[in-house]
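Q: take this sequence and fold it.
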Amino acid sequence: MNENLNINRPPLSKNKFAKLPLTSVKPKGWLLHQLELQADGFTGHIEEEWEDVGKNNGWLGGSAESWERGPYYCDGLIPLAYLTGDPSLMEKSMKWVEWALHSQNEDGFFGPKGNRDWWPRMIMIKALIQYYEVTEDERVITFLRKFFNYQLKNLENDPLMMWGKMRGAENLLEIYWLYNLTGDRFLLECAGKVRSQAFEWNNFFKEFPYRESTSNYLDFQYFMKYAWDDILNPTELSKAEAEKLFKTFHTSHVVNVAMGIKAPLMDYVLTGDKKYFDSARESIYQVMKYHGTANGMFTGDEHLSGLSPSQGTELCAVVEYMFSLENIICITGDGSYGDILEGLAFNALPATLSPDLRSHQYVQQANQVICNVAERKWYNNEEDSNIFGLEPNFGCCTANMHQGWPKFCQNLWLKDVDGGLVCISYAPCEVSYKTESGEMIILSVDTNYPFEENVTIKISADSPQKLDIRFRIPEWCSMPEARINGEELSIEAKSFFCVDRIWNDRDIIEIKLPMKISIKKYYRNSISVERGPLIYSLGLGEQWNVIERRKWLSDYEVLPTTDWNYGLDIDFKDVEGSFEVVKYDMEYQPFELTNAPVKLICKAKKIPEWTLEYNSAGEPPFSPVFSSEAEENIELVPYGSARLRITQFPYIAR
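A: Now for the predicted structure:
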């Protein structure tokens, strides 16, 4: 924090945790490899092969796309560049940063001249904040002060509309960040105006109207025919009718929902009113109850689509839900949200990216048995939505997917606002932290978690340092173990266990999180198999066929080479005994079918009547299911390692 900033009051809220500056947590091991693949793949080469973020983008002064795609890309490009230390990515990111900073008018507004929407500016500000965290470039603070001053003066005549209205929480996060840094009182007034115009997600989630697929609430073709134009220029519909349709469109949009889950907590930060504090948990419960699948996500292709594991979930929703959870954890200090975050990062995120991170899906399916251009029961997506490619269906995910891994890396460890460090997830990394005495302490986290149970943390310090460190205990782990320099600690299985001591150079913390196999029930009594934070799927043989060849980022269909219609033969009285755990050496890319570091072997039977419907796995037969087929041994792999898979299984009647 720069000394010459006008800091005149304590932080706005009493958040439990705070984010460490970008690059304080540096990836190692398999996590570093994901970022390296991303840097050498989609993020590193997208400007060369996708005009929408190429040199003619409006956010670089060109005449091409001038709305959200450039800012979306920067929101992942900037943290990836600095976390990997990749000079070429830093150079790419700087041209976007410089253009944005130099685009600001005297009145404070910035961005492409042909676009006046608040929404893309919210995204670009998120990217600029990350740039500031690494560089402390004071131009960013001056820039943001001017812009929010402009916003305060102009919101009344130019209010938040459509996407900006639904996603006002992003705007508030940025205002809070600047206020906690500068103490400028006008920012509170600006936050109040943004809040008054943003959609009221708190009451929406309490009442939650969408208890089935959006198709039961909004005829998309009717909406497209009438409401899109009539919201601004009423013809056949009244403006009130058009606005009602638009409200349904936006409140059922899966990405808006993923962002909106954190919105009630923005009210808590601003007001301090405790009634908002538990709203995120209620919101998640409601959405998952009516739209949740075993991969940890709620469906949305691209609107909320019910409980069937063959419905899709948009990639944008995955990375935005992760970002919401990362902020919810900071505000609440509730470690149980870390379980949900890990579930997405270790399962849903890698599963919807190709192993080389050079193609992605628009939507993934929990039960995904073929990825090709074909008609499916999507709500409003096109036939190419589940292929792996550059721009399947629509380009928002092409631009927005880049933030997932880098932001997860930054949020592995947080700062306790009362002092000390907090471990949220045990992925391999190195944490650098300046203690209250001004000395640096470094924690090197060595592990193959989530594929294995053991974590070793080595301390490096020039002199003894007193530091409080909190370690999250996942809810699935009932008997965690910990040792410091070989001496066993007594742990009560709560959300966190705390170690407050003087740390010396070469101290070693050893943590073991025993992973038991568990079964959960879902739609039509189907079951999922979990071990620790990983969900396990029947991984199908994959035949990747090129649809369109490009130098870097090609399009592929993925066809199955093995059968998929199995029901699991499980002894529910001895779940652990129903599976054999087989472990393999850790490969550079563990999220690949042939490289899966852990497999579960179990018994299963084919269910001949379970077949394809609309080019997807049909709805799982209601369990228990009778099958006269021969019993077989099948292998289950981590969900993120399988691009074709069954995850929600029927189970065989005994």
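Q: quick one, helices of the stretch 251-400 of the chain?
A: 254-260, 263-271, 279-291, 315-332, 336-343, 349-351, 396-400 (DSSP state H, counting those that start in this stretch).
Q: figure out which of those is closest to residue 510.
A: Residue 510 sits nearest to helix 336-343 of all the helices of the stretch 251-400 of the chain, at 20.1 Å, using Cβ to Cβ. C-beta: built from backbone N, CA, C; applies to glycine.
Q: ok, back up a step: output the helices of the stretch 251-400 of the chain as JSON lines; include the columns distance to residue 642 and mean neighbour count.
A: As requested, the helices of the stretch 251-400 of the chain are arranged in JSON lines below (distance: least, Cβ to Cβ, whole Å; neighbours: other Cβ atoms under 10 Å):
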{"stretch": "helix 254-260", "distance to residue 642": "22", "mean neighbour count": "26"}
{"stretch": "helix 263-271", "distance to residue 642": "34", "mean neighbour count": "23"}
{"stretch": "helix 279-291", "distance to residue 642": "22", "mean neighbour count": "20"}
{"stretch": "helix 315-332", "distance to residue 642": "16", "mean neighbour count": "25"}
{"stretch": "helix 336-343", "distance to residue 642": "16", "mean neighbour count": "23"}
{"stretch": "helix 349-351", "distance to residue 642": "7", "mean neighbour count": "25"}
{"stretch": "helix 396-400", "distance to residue 642": "20", "mean neighbour count": "24"}
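Q: worst mean pLDDT among those?
A: Between those, the lowest average pLDDT goes to helix 263-271, which shows a mean of 91.
Q: residue 260 is in contact with residue 163, isn't it?
A: No. Counting by Cβ atoms under 8 Å, residue 260 stays clear of residue 163, with 11.8 Å between them.
Q: ok, then the element right after the helix or strand harbouring residue 528?
A: Under the assignment given by DSSP states H and E, the secondary-structure element containing residue 528 is strand 527-531. Taking DSSP H and E as the definition, the helix or strand that follows strand 527-531 towards the C-terminus is strand 534-539.
Q: on that earlier part again, what packs against the strand holding residue 528?
A: Contact partners of strand 527-531 among helices and strands, from 3 or more Cβ pairs under 8 Å, 6 or more residues apart in numbering; DSSP states H and E: strand 517-521, strand 534-539, strand 598-606.
Q: list the buried residues in the longest one.
A: Going back to what we said before, that points to strand 598-606. Going by neighbour count (16 or more other Cβ atoms under 10 Å), the buried part of strand 598-606 is 598, 599, 600, 602, 603, 604, 605, 606.
Q: excluding chain neighbours, what is closest to the fourth one?
A: Yep, that's residue 602 we're talking about. residue 579 (4.9 Å; Cβ to Cβ, 6 or more residues apart in numbering).
Q: distance of the one you found from residue 518?
A: Residue 579 is 11 Å from residue 518, where distance means Cβ to Cβ, to the nearest Å.
Q: name the residues contacting each of these two.
A: With contacts defined as Cβ atoms under 8 Å, 6 or more residues apart in numbering, the residues shared by residue 579 and residue 518 are residue 529.
Q: so for those two, which sits in the more crowded spot?
A: A direct count of neighbours by other Cβ atoms under 10 Å for residue 579 and residue 518 places residue 579 higher, at 20 against 13.
Q: cross-check the contact I'm expecting between the more buried one and residue 604.
A: No. In this structure, residue 579 sits apart from residue 604 without contact. The criterion is Cβ under 8 Å, and the distance is 11.3 Å.
Q: what is the burial count for residue 458?
A: Other residues near residue 458 come to 15 when the count uses other Cβ under 10 Å.
Q: pLDDT at residue 578, what is it?
A: The per-residue pLDDT reported for residue 578 equals 97.
Q: ok, residue 120 next?
A: The predicted local confidence for residue 120 comes out at a pLDDT of 98.
Q: what helix or strand does it sit in?
A: Counting by DSSP H and E, the element that carries residue 120 is helix 118-135.
Q: what's that helix packed up against?
A: Packed against helix 118-135, as judged by 3+ Cβ pairs under 8 Å, 6+ apart, are the following elements: helix 69-84, helix 87-102, helix 138-154, helix 162-166, helix 168-182.
Q: try 6 Å this time
A: Based on contacts counted as 3 or more Cβ pairs under 6 Å, 6 or more residues apart in numbering; DSSP states H and E, the elements that helix 118-135 packs against are helix 69-84, helix 162-166, helix 168-182.
Q: burial count for the spatially closest residue to residue 380 that is not a sequence neighbour?
A: Spatial nearest neighbour of residue 380, chain neighbours left out: residue 220 (4.5 Å); criterion: Cβ to Cβ, 6+ apart. Residue neighbour count, defined by other Cβ under 10 Å, stands at 13 for residue 220.
Q: again, but for residue 273
A: Neighbouring residues of residue 273 were enumerated by other Cβ under 10 Å; the total is 9.
Q: again with residue 122
A: Here the neighbour count serves as a burial measure; for residue 122 (other Cβ under 10 Å) it reads 23.
Q: quick check: closest non-adjacent residue to it.
A: Leaving aside its sequence neighbours, residue 122 sits nearest to residue 170 (Cβ to Cβ, 6+ apart; 4.5 Å).
Q: what's the answer for residue 124, then?
A: The spatially closest residue to residue 124, leaving aside those adjacent along the chain, is residue 71, at 4.0 Å (Cβ to Cβ, 6+ apart).
Q: for residue 439, same thing?
A: Residue 439's closest residue in space is residue 465 (Cβ to Cβ, 6+ apart), at 5.6 Å.
Q: and that neighbour, what are its bridge partners?
A: In this structure, residue 465 has beta-bridge partners residue 503, where bridges are defined by DSSP bridges.
Q: check the one 4 residues further on too.
A: Taking DSSP bridges, one obtains residue 421, residue 499 as the residues bridged to residue 469.
Q: check contacts around residue 191.
A: Contacts of residue 191 were listed using Cβ atoms under 6 Å, 6 or more residues apart in numbering, and they are 172, 175, 270.
Q: okay, domains of this protein per the record?
A: In the assignment given by automatic domain parsing, the structural domains of the chain cover 21-198, 414-511, 517-646.
Q: now, of these, which is deepest in the fold?
A: Mean neighbour count (mean count of other Cβ atoms under 10 Å) peaks for domain 21-198 among these, with a mean of 20.
Q: start and end of that domain, how far apart?
A: Here the two ends of domain 21-198 are set 28 Å apart, with distance taken as Cα to Cα, to the nearest Å.
Q: next: stretch 540-551.
A: The stretch stretch 540-551 measures 28 Å between its terminal residues, going by Cα to Cα.
Q: same question for stretch 35-46.
A: Here the two ends of stretch 35-46 are set 15 Å apart, with distance taken as Cα to Cα.
Q: swap in stretch 608-616?
A: Using Cα to Cα, the end-to-end distance of stretch 608-616 comes out at 15 Å.
Q: and the buried residues of strand 598-606 as CSV, adding distance to residue 376 and pLDDT?
A: Written out in CSV, the entries for the buried residues of strand 598-606 read as follows (distance: Cβ to Cβ, whole Å; pLDDT from 0 to 100):
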residue, distance to residue 376, pLDDT
598, 31, 98
599, 29, 98
600, 29, 98
602, 29, 98
603, 31, 98
604, 26, 98
605, 27, 98
606, 23, 98
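Q: now the residues you listed in JSON lines, with distance to residue 414?
A: Shown next, in JSON lines, are these (distance: Cβ to Cβ, whole Å):
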{"residue": "598", "distance to residue 414": "28"}
{"residue": "599", "distance to residue 414": "33"}
{"residue": "600", "distance to residue 414": "32"}
{"residue": "602", "distance to residue 414": "38"}
{"residue": "603", "distance to residue 414": "43"}
{"residue": "604", "distance to residue 414": "42"}
{"residue": "605", "distance to residue 414": "46"}
{"residue": "606", "distance to residue 414": "47"}
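Q: and residue 250, how many neighbours?
A: 18.
Q: can you confirm it is in a strand?
A: No. Remark: residue 250 does not belong to a strand; assigned using DSSP: H, G, I helix; E, B strand; the rest coil, it is helix.
Q: if I look at it, how far off is residue 346?
A: Relative to residue 346, and taking Cβ to Cβ, residue 250 is found at 30 Å.
Q: equivalent analysis for residue 623, please.
A: Taken as Cβ to Cβ, the span from residue 623 to residue 346 is 26 Å.
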